[in-house]
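> I'll drop the sequence and a predicted model, then ask my questions.
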Amino acid sequence: MFVTNRRTFIAGAAALATPARAQMREKARIGVLPTMGAGPMYLALANGHFAAEGLDATITKFDNAQTLAVSLAAGDLEFGATSLAVGFYNLAAQGVMRIIAAQARDNPGFPNNGLVASNEAWEKGLRSFKDIAGKSVGVSTLGSAPHYCVGLIADKYGFPMSRVDVQTLKTNPNIVATIAANRIDAVITPNTFALSIDRNKQGRLIGWVGDESAWQLGAAYTSTKIADGRREFVEKFVRAYRKGMVDYANAFIDADGKRKDGPTADATLAILSKDLDQPAELLRAGVAYVDREARLDGPDIKRQIAWYKAQGLIEGNVDAEALIDKRYAKLLP
């Protein structure tokens, strides 16, 4: 992992700040994965929303969601925002985590997690989501968002998980190499990798999981200790983060929740291209859906917990009602 350049002030905020005021800022260390779902967090930083709340925010990139969650539980971060994976839920079972806002959501019309067939499997007829029954499908790790996506597909098309040979490939570069070499029938991987595989003719993109089944991919969260002991601090963070959500939605999503570039799209892509170290046009093709009010799909979070529990991946019990901290979080109607 590594820390991004600090954008504590935009020009207008810098002009208003005084040295004494800067010294009073509360440190807010935030962990993310370098995906478009982290876009609102970077915009809240770049556009001065954290600074306006009196927060000295820094963002740290992590390679996977589990390492991020462990770092937050250990006190190395104040906030995290990433996909909800089994590592997070196992920590939640210990009562040390609280969800305080939504992050990205897999939604129709927005590319997020893609199902990609190998060229060989495509030629043999693997050309739709239901065709993964009886096939090998690669994911990063068991208990990850792509693994849950396999479960959503199986549920929709009425076949048991035992019909899919789920293989763990650990890293996204390994996923790309494996599918390109035709050593697996298909993979489920985030949009930037799915699009790259398809464009480089290393495999064939079948479609996006969000078009098949909408679900709550990610969330912003903090430790129970911070949620209970530093309420004003958390409220400042959530207010700033929601403004970043609005900035992101204004750039890429219309009033009806459909994908549409707004007047600020190019400028926003320039910011995110630098922060995520991805070409702007690749990011434009992979814009993730976010709710502009950062509202959560509570029923799907319960469904995730139940599914991971059924797979034998969660130890202990997770109380979804307690996990979603309604002092801060809003729910979808």
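Cool, got the structure. Numbering: from 1, shown residues only.
> All the strands of the stretch 51-200 of the chain, in order from the start?
For the stretch 51-200 of the chain, applying DSSP state E, counting those that start in this stretch gives strands covering 55-61, 79-83, 97-102, 104-105, 113-117, 136-139, 165-168, 186-190.
> just so I know, which of those strands lies nearest residue 211?
Distance to residue 211, taken as CB to CB, is lowest for strand 113-117 among the strands of the stretch 51-200 of the chain, at 10.1 Å. Bear in mind the C-beta positions are built from the backbone N, C-alpha and C, glycine included.
> I would like the residues contacting the closest one, please.
Contact with strand 113-117 is made by 106, 126-127, 129, 132, 145-146, 149, 153, 179, 185-191, 193-195, 197-198, 203-210, 217, as judged by CB atoms under 8 Å, 6 or more residues apart in numbering.
> So, low pLDDT: which residues of the stretch 1-150 of the chain?
Flagging of the stretch 1-150 of the chain using pLDDT under 70 yields the residue ranges 1-23.
> Quick one: name whatever helix or strand follows the helix of greatest length in the chain.
Of all the segments of type helix in the chain, defined by DSSP state H, the longest one is helix 231-252. Following helix 231-252 in sequence order, the next helix or strand is helix 265-276 (DSSP states H and E).
> Report the contact partners of residue 70.
When contacts are counted by CB under 8 Å, 6+ apart, residue 70 touches 87, 91.
> got it, and residue 105?
Contacts of residue 105 by CB under 8 Å, 6+ apart are 210, 214-218, 288-291, 297.
> same question, residue 126
Contacts for residue 126 (CB under 8 Å, 6+ apart) come out as 117-118, 132, 135, 185-186, 206.
> looking at these, which has the most residues close by?
Among the contacts of residue 126, the one with the most neighbours (other CB atoms under 10 Å) is residue 117, at 28 neighbours.
> any chance of the contacts of residue 105 in TSV, with secondary structure, neighbour count and distance to residue 38 too?
Shown next, in TSV, are the contacts of residue 105 (DSSP: H, G, I helix; E, B strand; the rest coil; neighbours: other CB atoms under 10 Å; distance: CB to CB, whole Å):
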residue	secondary structure	neighbour count	distance to residue 38
210	helix	25	17
214	coil	17	20
215	strand	23	18
216	coil	25	16
217	coil	30	12
218	strand	30	9
288	coil	28	9
289	strand	25	14
290	strand	27	10
291	coil	22	15
297	coil	21	19
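> picking up where we left off before, of the contacts of strand 113-117, just the buried ones, PyMOL syntax please.
Listed next is the PyMOL selection for buried residues among those, using 16 or more other CB atoms under 10 Å:
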select buried, resi 106+126+129+132+145+146+149+153+179+185+186+187+188+189+190+191+193+194+195+197+198+203+204+205+206+208+209+210+217
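> Out of the contacts of strand 113-117, which sit inside helices?
145-146, 149, 153, 179, 191, 193-195, 197-198, 209-210.
> With distance to residue 281 added, can I get those in JSON lines?
JSON lines is the format used below for those (distance: CB to CB, whole Å):
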{"residue": "145", "distance to residue 281": "24"}
{"residue": "146", "distance to residue 281": "24"}
{"residue": "149", "distance to residue 281": "25"}
{"residue": "153", "distance to residue 281": "29"}
{"residue": "179", "distance to residue 281": "22"}
{"residue": "191", "distance to residue 281": "13"}
{"residue": "193", "distance to residue 281": "16"}
{"residue": "194", "distance to residue 281": "15"}
{"residue": "195", "distance to residue 281": "10"}
{"residue": "197", "distance to residue 281": "16"}
{"residue": "198", "distance to residue 281": "14"}
{"residue": "209", "distance to residue 281": "23"}
{"residue": "210", "distance to residue 281": "21"}
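> From the residues you listed, which shows the smallest pLDDT?
The pLDDT minimum for these sits at residue 191, where the score is 84.
> quick one: contacts for it?
With contact taken as CB under 8 Å, 6+ apart, residue 191 is in contact with 35-36, 111-114, 208, 285-286, 288.
> got the phi/psi numbers for the nearest residue to it once chain neighbours are set aside?
Nearest residue to residue 191, sequence neighbours excluded (CB to CB, 6 or more residues apart in numbering): residue 286, at 3.7 Å. Backbone torsions for residue 286, taken as degrees, to the nearest 10, come to phi -120, psi 30.
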